[in-house]
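[1] Turn this into a structure:
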Amino acid sequence: MEAVVAILGLLFVLFVAAGVFATVKAVQATKRGVDRTVAQARRTVEDTSLRARTLAQPGVVGELAQLRLSLRTSMRATQDVLRTGSPDDASLSEAAGLFERLSAHGHELDGELRRLEREPDRATIGARLPDLRERTEQITRSAEALRWAARDRARKFAEDDLAALSDQIDVEAGALRHWTQEAPRTSTGEPSEGGVVGASDVFGAGAGAGAGGGARQGAAAGTPDGRSWGPSPDEPQAITARDPRAEASYPWQKTRRPEETT
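    Prediction:
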């Protein structure tokens, strides 16, 4: 009895622990989803504000907003391409590591541009704009190089896979045409002239050979004047119905239904 109580108590503790673990995981997943949604909404609002500032405030402030917008757009696009790549590709993993190092410089530049937007001395900002523009172009150029290289690599893999798949389909399509027979080969092993011989050609050749053999046998076993005991070629031939049982059957033909008798 004590053993049963101990087992039930252990099961109860396990159930409670599993419930607590599942609850914690659900809360963490919900928190991550909320944080992701909030961060995405914040980025959208900030990008919209930068676009509006670029159009509404020409001059130094608009130039800073344009630099920040181009930097954020390029870095985000490269990050999305590298994240959606194959995780098993070692080259993409190395590229992702390089992008992390590039992102550190990008965040530093973005923070500096954000601080300069609140700077009241426009002359100082105007003097620093060439250096800031050069740094922004250098970072975005590096990000674009990684992004387009990853896209070209993914396209190349897709083209190679499609080519291999097309070759396999061609081989399978040829194997499915099993009713086609090859042409007879000569003594040297090379196919004779005429190419591939179909089933209808084989049947026609067999029928012709049978007819020729029957005529020769009739001539050998006929009357002394060489005529056979069959009907004369000048006499009209009798019209007889075709025997359906003697016709060649194929796997794709439907089975003939028996005639109903009353």
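[2] Quick check: next helix or strand after the host helix or strand of Arg53?
    In this structure, Arg53 is located in helix 2-56 according to DSSP states H and E. Along the chain past helix 2-56, the next helix or strand (assigned with DSSP H and E) turns out to be helix 60-83.
[3] Next, the angle from that next one to helix 2-56.
    Calculated by axes from the mean of the first three to the mean of the last three CA atoms, to 10 degrees, helix 60-83 forms an angle of 140 degrees with helix 2-56.
[4] Tell me which other helices or strands helix 60-83 touches.
    Where contact means 3 or more CB pairs under 8 Å, 6 or more residues apart in numbering; DSSP states H and E, helix 60-83 is packed against helix 2-56, helix 90-117, helix 122-176. (Glycine included, C-beta is placed from N, CA and C.)
[5] quick one: which of these is nearest Ala77?
    Nearest to Ala77 among the helices and strands packed on helix 60-83 is helix 122-176; the distance by CB to CB comes to 6.1 Å.
[6] what's the angle from the closest one to helix 60-83?
    Orientation note: helix 122-176 sits at an angle of 30 degrees relative to helix 60-83 (the same axes, to 10 degrees).
[7] Helix 122-176 versus helix 90-117: what angle between them?
    With the same axes, to 10 degrees defining the directions, helix 122-176 sits at 160 degrees from helix 90-117.
[8] What confidence value was assigned to Glu119?
    Here the pLDDT value assigned to Glu119 is 83.
[9] Likewise for Arg43?
    Turning to Arg43, the model gives it a pLDDT of 74.
[10] got a list of what it touches?
    With contact taken as CB atoms under 8 Å, 6 or more residues apart in numbering, Arg43 is in contact with 72, 76.
[11] pLDDT weak spots in the stretch 1-150 of the chain?
    Scanning the stretch 1-150 of the chain for pLDDT under 70 picks out 86.
[12] what domains does the record give for the chain?
    1-56, 58-167 (automatic domain parsing).
[13] Low-confidence regions, the stretch 151-262 of the chain specifically.
    In the stretch 151-262 of the chain (pLDDT under 70), the answer is 180-262.
[14] just to revisit the earlier point, for the domains of the chain, could you give me TSV that also reports distance to Trp179?
    Putting these into TSV (distance: least, CB to CB, whole Å) gives the following:
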stretch	distance to Trp179
domain 1-56	58
domain 58-167	23
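[15] Packed most tightly, which of those domains would that be?
    Among these, judged by mean count of other CB atoms under 10 Å, the one packed with the most neighbours on average is domain 58-167 (a mean of 15).
[16] In CSV, list the helices and strands packed on helix 60-83 along with distance to Gln66.
    Rendered in CSV, the data for the helices and strands packed on helix 60-83 read as follows (distance: least, CB to CB, whole Å):
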stretch, distance to Gln66
helix 2-56, 5
helix 90-117, 10
helix 122-176, 9
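[17] and Ser70, which of those is closest to it?
    Of all the helices and strands packed on helix 60-83, it is helix 122-176 that lies closest to Ser70, at 6.1 Å by CB to CB.
[18] sorry, back to before: to Arg76, which of the helices and strands packed on helix 60-83 lies closest?
    In terms of CB to CB, the element of the helices and strands packed on helix 60-83 nearest to Arg76 is helix 2-56, at 7.9 Å.
[19] tell me the SS of Gly85?
    Assigned by DSSP: H, G, I helix; E, B strand; the rest coil, the conformation of Gly85 is coil.
[20] How much space separates it from Phe99?
    According to CB to CB, to the nearest Å, Gly85 and Phe99 sit 11 Å apart.
[21] Now do the shared contacts for those two.
    Listed as contacting both Gly85 and Phe99 by CB under 8 Å, 6+ apart is no residue at all.
[22] circling back to that earlier point, between the domains of the chain, which one is closest to His178.
    Using CB to CB as the measure, domain 58-167 is the one of the domains of the chain that comes nearest His178, at 19.5 Å.
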